[in-house]
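Q: A structural model of the following input is requested.
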Amino acid sequence: MTHQAAKLEALVNKNRNANPKKTRFIAITSGKGGVGKSTISSNMAHMMAKHGLKVGIFDADIGLANLDVMFNVKIKKNILHVLKGEATVEEILVPIEKNLVLIPGESGEEIFKYASSGIFERFMGEAHVLDDLDVLIIDTGAGIGEHTQLFLRACDDVIVVTVPDPAAITDAYATIKITSRVRDEINVIMNQVRSDKEASALFEKIQKVALANIGDKLRLNYLGQISSDPKVAVSVKKRALFAREFPTSKPATELEMIVKRIAKKLERNVLVNPQESGLGGLFKRLMEHF
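A: Take a look at the predicted model:
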């Protein structure tokens, strides 16, 4: 472990309770923009919170941060202001609903400029305000980006979102291939599909190509699909969550099934270190890979 990482671990551990809560870090990424990644991230966070989990969602989509639009809230300051010493962690948090808080992000490149500064260490000391999170969802940018890969390496779970478009499938596979260099398990959600059959066929195609080119060292998990439905587009235009606006719609029902599959992993606490909780735990992991 580097000297910097050791110092960060000491800061994180200093702020832990006797029985710290384990936070599961889930990164949601894609090969290209426009596939509904942020729509799925925001609705998934809402659904988890509705079921009683304490959820944080961190906007880490470099240059395209848009979760404030998804949740229809105004952002005044973000995590970069904290790193610059212009705000506290608590001041930037945006409560969305019961059990759900938004952590406004900034360009990953900008964030990591502060990795070795005293200000960053002070930030780590403040981050304990989020130590009670059960889940921290990280809405990343395209998975092939250098800084996005840092988040993908640091998380417990990686979910790649794609749609039934040849270019999107190609880019999703590229993300899977690059990420497989540092992970042996990746999850996939097929979005905007016309049928279960189409979704399964496309996943099987990706899986076949991955097996031929990456090998059986990678476990590719199919989490499920979200059907194409005009209700989703209507919700996005209204800056509303489809899972809240249309809770009985097919996309909401399908997302509920995906959330239940993720919840099974949460119950097992696979790969989660009890000392790594909240935002501080995430950034400690990031620094170990930086």
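Q: V69 contacts R239, doesn't it?
A: Yes - with contacts counted by Cβ atoms under 8 Å, V69 reaches R239, the gap being 6.0 Å. Any C-beta I mention is one placed from the backbone N, CA and C, and that applies to glycine too.
Q: What segments of the stretch 1-150 of the chain are strands?
A: For the stretch 1-150 of the chain, the strands defined by DSSP state E, counting those that start in this stretch cover 24-30, 55-60, 94-97, 100-103, 135-142.
Q: Pipe those strands into a markdown table and attach distance to V163 per row.
A: Formatted as a markdown table, these follow (distance: least, Cβ to Cβ, whole Å):
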| stretch | distance to V163 |
| --- | --- |
| strand 24-30 | 9 |
| strand 55-60 | 21 |
| strand 94-97 | 26 |
| strand 100-103 | 25 |
| strand 135-142 | 14 |
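Q: Dump those to JSON lines, plus mean neighbour count.
A: Converted to JSON lines, the strands of the stretch 1-150 of the chain look like this (neighbours: other Cβ atoms under 10 Å):
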{"stretch": "strand 24-30", "mean neighbour count": "27"}
{"stretch": "strand 55-60", "mean neighbour count": "28"}
{"stretch": "strand 94-97", "mean neighbour count": "16"}
{"stretch": "strand 100-103", "mean neighbour count": "23"}
{"stretch": "strand 135-142", "mean neighbour count": "26"}
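Q: for those strands, which one sits closest to A233?
A: With Cβ to Cβ, the closest approach to A233 among these belongs to strand 24-30: 17.8 Å.
Q: now the angle from the closest one to strand 135-142?
A: 20 degrees (axes from the mean of the first three to the mean of the last three Cα atoms, to 10 degrees).
Q: so what strands line up beside strand 24-30?
A: strand 135-142 (parallel), strand 157-162 (parallel) (DSSP bridges).
Q: mean confidence score for the longest one?
A: Averaging pLDDT along strand 135-142 yields 86.
Q: same check, this time on stretch 220-233
A: Per-region confidence: stretch 220-233 scores 96 on mean pLDDT.
Q: Okay, now it: how far is its last residue from its first?
A: Using Cα to Cα, to the nearest Å, one end of stretch 220-233 lies 29 Å from the other.
Q: again, but for stretch 233-244
A: By Cα to Cα, the extent of stretch 233-244 from end to end equals 14 Å.
Q: If you count neighbours, what's buried in that stretch?
A: 235-236, 241-243 (16 or more other Cβ atoms under 10 Å).
Q: Lovely, talk soon.
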